[in-house]
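K.L.:
Fold the following for me, if possible:
(one chain, ligands or ions: 1)
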Amino acid sequence: MGNVLKADGLIKRFGDLLVIDNWSLELKEGEKIVLLGPSGCGKTTFFRIVAGLERQSEGKVETFVDKIGYVFQEPRLLPWRTVYDNLKIILDDEKKIKQIIGMMGLEGFEILLPSRLSGGMKQRVNIARSLLVQPQILLMDEPFTSLDLNIKLSIIEDMNKMWNKSYFSILMVTHDIKEALMLGNKIVILSQRPSRILKVFDIDLLEEEKNIYDKRFLELESQITKFVISQSEKIIG
Ligand SMILES: Nc1ncnc2c1ncn2[C@@H]1O[C@H](COP(=O)(O)OP(=O)(O)OP(=O)(O)O)[C@@H](O)[C@H]1O
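P.N.:
Reported below is the predicted structural model:
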């Protein structure tokens, strides 16, 4: 498996403010990495650097693909266009649109305007838009923050099914350990700003263990929670 993304000794400052302090990270083909870190530690800044919207201060960030998708926290749908047309504007290909509508659980919603959709359905359309162009890397910046747990878990389940079929790489940012465990093959724990990579957890949960009541899921959740708390106590103490 080759790398699709590689960050090496990445440093980012805004004026005197050191935000990202020496991150080195590799995302491999078909890998799903979740960045878990406190507010303001530079997660969005990292995504902006990867997407070419921001420049690093020092170090290297390389991508080895030509298509990167970006899912923002708030769905950015055109309010005057239907669900179908919000997809068509990205890619005018009826077959692919129908396929993605099916995979993201949007059947029956095609002719509705975004104002008629729940927050979860809006985010499903938003993700469908990003996946329509078949990106090799999908960046997801806290896409489920405003959604109820059962809704976010059901969207992640559908995303995992899509990933099983097309095998793109995902880099997601979240504050939520359950969400991270449901999606990620790896969870990268970040410190407070100036942020460093504190630890990387390899997640080897089987498909049937990706369930918030599963014993191994709960064990991993508790292990990661303990680690995160021990780190924040170090800072407070
Ligand atoms: N263009 C900018 N100019 C100056 N400071 C910035 C700029 N962009 C971000 N910052 C600062 O960099 C820090 C990191 O911001 P960033 O949005 O990357 O954090 P984050 O980890 O994504 O936070 P959150 O989880 O709250 O979204 C913050 O202190 C922010 O104020």
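K.L.:
Please identify the residues of this protein in proximity to the ligand?
P.N.:
Contact residues, the chain versus the ligand (Cβ under 6 Å from any ligand atom): 14, 19, 37, 39-45. No exception for glycine: its C-beta is placed from N, CA and C like everyone else's.
K.L.:
Mind doing that once more with 5 Å?
P.N.:
By the rule Cβ under 5 Å from any ligand atom, the part of the chain lying against the ligand is 14, 19, 39-45.
K.L.:
Drop anything exposed from those.
P.N.:
In the residues of the chain next to the ligand, burial by neighbour count holds for 19, 41-45, counting by 16 or more other Cβ atoms under 10 Å.
K.L.:
Now for the protein: which helix has the highest residue count?
P.N.:
Criterion DSSP state H: the longest helix present in the chain is helix 215-236.
K.L.:
Touching it from outside, list them.
P.N.:
Contacts to helix 215-236, defined as Cβ atoms under 8 Å, 6 or more residues apart in numbering, come from residues 36, 38, 177-178, 180-181, 187, 189, 191-192, 198-199, 201, 203, 205, 209-212.
K.L.:
how far away is residue 141 from residue 231?
P.N.:
Shown here: residue 141 relative to residue 231, a distance of 22 Å by Cβ to Cβ, to the nearest Å.
K.L.:
So the two - more neighbours on which side?
P.N.:
Per other Cβ atoms under 10 Å, whichever of residue 141 and residue 231 has more neighbours is residue 141, with 21 against 16.
K.L.:
From what I see, that one and residue 70 are in contact.
P.N.:
Yes - if you go by Cβ atoms under 8 Å, residue 141 and residue 70 touch, sitting 7.4 Å apart.
K.L.:
what is in contact with those two at once?
P.N.:
By Cβ under 8 Å, 6+ apart, the residues touching both residue 141 and residue 70 are residue 47.
K.L.:
quick one: the strands in the chain?
P.N.:
For the chain, the strands defined by DSSP state E cover 3-14, 17-28, 32-36, 58-63, 68-71, 137-141, 169-174, 186-190, 197-202.
K.L.:
Output those strands in TSV; the columns should cover mean pLDDT.
P.N.:
Output for the strands of the chain, formatted as TSV (pLDDT from 0 to 100):
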stretch	mean pLDDT
strand 3-14	97
strand 17-28	96
strand 32-36	96
strand 58-63	96
strand 68-71	91
strand 137-141	94
strand 169-174	94
strand 186-190	96
strand 197-202	96
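K.L.:
Flag every buried residue along stretch 187-200.
P.N.:
By 16+ other Cβ under 10 Å, the buried positions in stretch 187-200 come out as 187-191, 193-195, 197-198.
K.L.:
Find the nearest non-adjacent residue to residue 165, please.
P.N.:
Closest residue to residue 165 apart from its sequence neighbours, by Cβ to Cβ, 6 or more residues apart in numbering: residue 103 at 7.9 Å.
K.L.:
Also residue 129?
P.N.:
Leaving aside its chain neighbours, residue 129 sits nearest to residue 90 (5.1 Å; criterion: Cβ to Cβ, 6+ apart).
K.L.:
Where does pLDDT dip in this structure?
P.N.:
233-237 (pLDDT under 70).
K.L.:
what distance separates the start and the end of stretch 59-71?
P.N.:
Terminal residues of stretch 59-71 are spaced 25 Å apart (Cα to Cα, to the nearest Å).
K.L.:
who does the most centrally placed residue in the chain bridge with?
P.N.:
Closest residue to the average C-alpha location of the chain: residue 172 at 2.1 Å, with Cα atoms, centre = their mean. Under the criterion DSSP bridges, residue 172 forms beta bridges with residue 34, residue 140.
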